[in-house]
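Visitor: sharing a model that was predicted from the sequence below.
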Amino acid sequence: MARVAGVNIPDNKHAEISLTYVYGIGKTRAQSICASTGIDPSSKISDLSEDQLELIRAEVGKFI
């Protein structure tokens, strides 16, 4: 499982859905995080590289 903002997010779900497991991030904010990082919202977390996960962590850190 990937860890973002201290929360284990599921690997087998789409990025925009997995990000909603973090407190304070809803579907709209998850979509904007995917858009600003250039990650396809329908890609699964398990398919993302470590660099892409770091981009997501940095972007989530701006909101939390």
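Guide: Yes, it's here.

Visitor: run a quick neighbour tally on the closest residue to E59 other than its chain neighbours.
Guide: Spatial nearest neighbour of E59, chain neighbours left out: I33 (4.8 Å); criterion: C-beta to C-beta, 6 or more residues apart in numbering. For every residue, glycine as well, the C-beta is placed using N, CA and C. For I33, the neighbour count with other C-beta atoms under 10 Å is 24.

Visitor: in which helix or strand does I33 reside?
Guide: For I33, the host element (DSSP states H and E) is helix 27-37.

Visitor: show me what that helix is packed up against.
Guide: Helices and strands touching helix 27-37, by 3 or more C-beta pairs under 8 Å, 6 or more residues apart in numbering; DSSP states H and E, are helix 15-18, helix 50-63.

Visitor: what about that helix, average pLDDT?
Guide: Model confidence over helix 27-37, given as mean pLDDT, is 94.

Visitor: and what of stretch 43-53?
Guide: Computed over stretch 43-53, the mean pLDDT rounds to 92.

Visitor: could you dump the helices and strands packed on helix 27-37 to CSV with mean neighbour count and distance to S43?
Guide: Formatted as CSV, the helices and strands packed on helix 27-37 follow (neighbours: other C-beta atoms under 10 Å; distance: least, C-beta to C-beta, whole Å):
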stretch, mean neighbour count, distance to S43
helix 15-18, 22, 6
helix 50-63, 14, 9
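
Visitor: between those helices, which one is closest to I25.
Guide: Within the helices and strands packed on helix 27-37, the stretch nearest I25 is helix 50-63; the backing value is 6.8 Å (C-beta to C-beta).

Visitor: can you list contacts of that closest one?
Guide: The contact list for helix 50-63 (C-beta atoms under 8 Å, 6 or more residues apart in numbering) reads 2, 4-5, 15, 19, 22, 24-25, 29, 33, 36-39, 45, 48.

Visitor: could you identify the most distant pair in the residues you listed?
Guide: So, the contacts of helix 50-63 by C-beta to C-beta: farthest apart are G24 and G38, at 22.2 Å.

Visitor: which residue is nearest the middle of the protein?
Guide: L19 (4.2 Å; C-alpha atoms, centre = their mean).
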